[in-house]
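In: Show me how the following folds:
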Amino acid sequence: MHLKIHRRKKDGKEHRYFSIVESRRVSHRRVVHRTVVYLGEINDSQQAAWRKTLEVFDENKQDFTTLSLFPEDREIADDVDALQVKLGEMQLKRPRAFGGCWLGCELWRQLQLEEFWQSQLPEGREAVPWEKVLRLLVVNRLLDPGSEFRVHRQWFDQTAMADLLGTDFAVAEKDRLYRCLDRLLEHKQALFEHLRQRWQDLFATQFDVLFYDLTSTYFEGEAEQIPKAKRGYSRDHRPDCLQVIIALVITPEGFPLAYEVLDGNTSDRTTLRSFLDRIERMYGQARRVWIMDRGIPTEALLTEMRNPARQTFYLVGTPKGRVNQHEKKWLDLPWQQIREAVQVKLYEHEGELYVLAKSEGRQAKENAMRRKRLARLLRKLRAMRRSLPKRDPLLLRIGAAKKEAGRAFGFVTLRVPQTEEEVTGQTFTFAVHKEKLRKAERRDGHYLLRSNLTAEDPAVLWERYVQLTHIEAAFKAMKSELGLRPIYHQLGHRVEAHILVAFLAYCLLVTLKNRLQALAPGLTPKAVLDTLASMQMLDVTFPTTDGRRLVMPRYTQPTPEQKLLLHQLQLTLPDQPPPRIQVQPDAFPAGMLRL
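Out: Predicted structure coming up:
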């Protein structure tokens, strides 16, 4: 990269504009320049009418001053408040990530979280407002999830967060980051109410249909000081670790309304009632539809929800065993086509509407998954028959194959040698139960829904239930993209604050997702963040003739792709940060030269 001068005549005077460009060879004999940073005009004339001035922050005086910049080869008068810079000694320093950090701060501003947290965490004697510390943690969780210590030790210096927050490294002090977590939990309920209002203002969100589900996240370490850390059913397939349960309520668009952190051994069936009461307290009693997976509501609670006075409706999946129980009711009913590859049968039973849905795509998927597991199991059994190990090793290998095959093992009829028998081709045999397999494949792709919305269109019920995958996508984003799991904190309140930071990062992510759906359909939040990731900020430094140094923080010029993206999202980049004047320290202070 090098400094390039652009000359332009205007009003009878030649103006010089400066930019930092990158040389790129596009053919064997042709080189083009790409503008990386635009610096603007540096004065060539002392005439006041033509002289350009700019606000410069003097770090020595800790105040802004207005100066005119002149190159060192131009003479300046004594009455001009100016600064001469050595253009030939320009240096580029401290390249750091800018684009994603700026977008994260912009999403934070759109949700008005700056004003909310300033009111909830008022400034005291601290050097840095707690709102800025929290914003740093949330943007880090959105872009590059890591521990608070990693933010302090590495990530903060590699980004432009200091420039965007208008502060220095004090915001990333290790103890300050942890102390910020200690102040968050008491404001969780107020945060839910604030976000609900923002979702309504920004996207006209309705809250008459809600999705409810639970997930788990596990701990690394003993977690001895965390009361909620318990062993239970692990959705992360880590039964060896302690965990907590997270219950979440979202809208069909993916906007989260509330969540709760529960003991790791909490049963799904005991969680729904408290959320029903909480949502009614927050939004009042109104016609509201709850959509959830099987295993969450109890029959007693569903009976309460069917009470006409509550105006509470539900749509819930049911275990596959209930399909067989109600076979006489639906077997002779005709199929109704609601989509190209989806058919349903409807029948009422004890005040509920049952919807038996059959999806050709889901049927093909379940058939393929079972056949893949079954084929792998048969290959292993054939290998055992060829090798014919002794009885005890054979049983161990069969047990391992059974665990891997899962339910597919039930379609194989197996004979193993008795205790006194030798393992031979006659004492160890297996065969596929073909009739049982055909019957299961015919039932694949069928699922039974039940609801007290007896007058609802079955196509609408099916579409709403399929949207339950949105809450699964929310859990996946929080766990994987936002680094919610595993949890390394060893204090209970900091564990819940860690989850709250991940929740805030997900709020930024879902805000970006819904803006993209309205303004740039087809783009994903990850694609946008990856596109803006190449935007860097760097310090353009010029030595001055009086021994000081002029530092001009500048973000790189957006590429055509980035410009198109920003235009599509109706976003405008901020002004460049003001320059700073620094006193250049000695390369080797006197104290360092003493022997």
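
In: can you give me the mean pLDDT across the lengthiest strand in the chain?
Out: Longest strand in the chain by number of residues (criterion: DSSP state E): strand 13-25. The average pLDDT within strand 13-25 is 71.

In: Give me the phi and psi angles of residue 220.
Out: Main-chain dihedrals, residue 220, degrees, to the nearest 10: phi -100, psi 120.

In: From residue 416, how far out is the closest residue to it other than its chain neighbours?
Out: Nearest residue to residue 220, sequence neighbours excluded (C-beta to C-beta, 6 or more residues apart in numbering): residue 486, at 4.6 Å. Yep, even glycine has a C-beta here, placed from its N, CA and C like the rest. Using C-beta to C-beta, to the nearest Å, residue 486 is found at 39 Å from residue 416.

In: With residue 130 instead?
Out: Distance, residue 130 to residue 416, using C-beta to C-beta: 65 Å.

In: Also residue 187?
Out: 61 Å.

In: So residue 130 and residue 416 - more neighbours on which side?
Out: Of the pair residue 130 and residue 416, residue 130 is the one with more neighbours under other C-beta atoms under 10 Å, namely 21 against 14.

In: what's that one in contact with, if anything?
Out: 117, 121, 123, 180, 183 (C-beta atoms under 8 Å, 6 or more residues apart in numbering).

In: could you say which helix or strand contains the third one?
Out: Under the criterion of DSSP states H and E, residue 123 resides outside all helices and strands.

In: and it, what does it touch?
Out: 129, 130.

In: The last one too?
Out: Neighbour list for residue 183: 121, 130 [criterion: C-beta under 8 Å, 6+ apart].

In: at 10 Å instead, please
Out: Listed by C-beta atoms under 10 Å, 6 or more residues apart in numbering, the contact set of residue 183 reads 117, 120, 121, 130, 133, 134, 493, 497.

In: Any figure for the gap between the third one and residue 149?
Out: So the one you mean is residue 121. For residue 121, the distance to residue 149 - C-beta to C-beta - is 22 Å.

In: likewise the last one?
Out: Residue 497 sits at a distance of 15 Å from residue 149 (criterion: C-beta to C-beta).

In: between the two, who's got more neighbours?
Out: residue 497 (22 against 12).

In: What's the separation between that one and residue 215?
Out: Taken as C-beta to C-beta, the span from residue 497 to residue 215 is 18 Å.

In: go on, residue 433?
Out: Counting by C-beta to C-beta - residue 433 and residue 215 are separated by 35 Å.

In: And the two? Which one has more around it.
Out: residue 215 (21 against 13).

In: show me the contacts for the residue nearest to residue 220.
Out: Counting by C-beta under 10 Å, 6+ apart, the residues that residue 486 touches are 217, 218, 219, 220, 221, 236, 238, 241, 243, 479.

In: Show the buried residues in the residues you listed.
Out: Of the members of those, the ones counted as buried by neighbours, 16 or more other C-beta atoms under 10 Å, are 217, 218, 219, 238, 241, 243, 479.

In: hang on, the last one in a helix?
Out: Yes - secondary structure assignment places residue 479 in a helix (DSSP: H, G, I helix; E, B strand; the rest coil).

In: That one contacts residue 217, correct?
Out: Yes - taking C-beta atoms under 10 Å as the definition, residue 479 is a contact partner of residue 217 at 6.5 Å.

In: Identify the contacts common to those two.
Out: 235, 236, 246, 485, 486, 502.

In: Make CSV out of those residues and add pLDDT and secondary structure.
Out: Below are those laid out as CSV (pLDDT from 0 to 100; DSSP: H, G, I helix; E, B strand; the rest coil):
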residue, pLDDT, secondary structure
235, 89, coil
236, 90, coil
246, 94, strand
485, 86, coil
486, 90, coil
502, 95, helix
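
In: Name the pair among the residues you listed with the greatest separation in space.
Out: The span of those, defined through C-beta to C-beta, is set by 235 and 502 at 16.2 Å.

In: re the thing from before, now, which of the contacts of residue 130 lie within helices?
Out: In helices, judged by DSSP state H, the following of the contacts of residue 130 are found: 117, 180.

In: Count the neighbours of residue 421 for me.
Out: 12.

In: Over to residue 331?
Out: 9.

In: Could you give the backbone dihedrals for it?
Out: phi -60, psi -40.

In: if I pick it, what's in contact with it?
Out: Going by C-beta under 10 Å, 6+ apart, residue 331 touches 345, 356.

In: could you measure it against residue 459, distance?
Out: In terms of C-beta to C-beta, residue 331 sits 22 Å off from residue 459.

In: follow-up on the earlier one: could I get the buried ones among the contacts of residue 486 in TSV, plus columns for pLDDT, secondary structure and distance to residue 368?
Out: As requested, these are exported to TSV (pLDDT from 0 to 100; DSSP: H, G, I helix; E, B strand; the rest coil; distance: C-beta to C-beta, whole Å):
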residue	pLDDT	secondary structure	distance to residue 368
217	93	strand	30
218	93	strand	30
219	93	strand	36
238	90	coil	27
241	93	coil	32
243	94	strand	32
479	87	helix	26
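
In: Can I get the residues you listed in a markdown table including distance to residue 316?
Out: Below are those laid out as a markdown table (distance: C-beta to C-beta, whole Å):
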| residue | distance to residue 316 |
| --- | --- |
| 217 | 24 |
| 218 | 27 |
| 219 | 31 |
| 238 | 28 |
| 241 | 30 |
| 243 | 25 |
| 479 | 24 |
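
In: I'd like to know which of these is nearest to residue 410.
Out: Proximity of the buried ones among the contacts of residue 486 to residue 410 (C-beta to C-beta) peaks at residue 238, which lies at 25.9 Å.

In: Return the residues in contact with the closest one.
Out: Taking C-beta under 10 Å, 6+ apart, one finds 216, 217, 218, 219, 220, 231, 485, 486 in contact with residue 238.

In: can I assume the first one sits in a strand?
Out: Yes - in this structure, residue 216 lies within a strand as judged by three-state DSSP.

In: burial count for it?
Out: 21.

In: Assess the claim that it and residue 244 are in contact.
Out: Yes - between residue 216 and residue 244 there is a contact at 7.0 Å, judged by C-beta under 10 Å.

In: shared neighbours, these two?
Out: 232, 262, 264, 266.

In: quick one: residue 223 from residue 231, how far?
Out: Distance from residue 223 to residue 231, by C-beta to C-beta: 11 Å.

In: Now do the shared contacts for these two.
Out: The contact sets of residue 223 and residue 231 overlap at 241, 242, 243, 264 (C-beta under 10 Å, 6+ apart).
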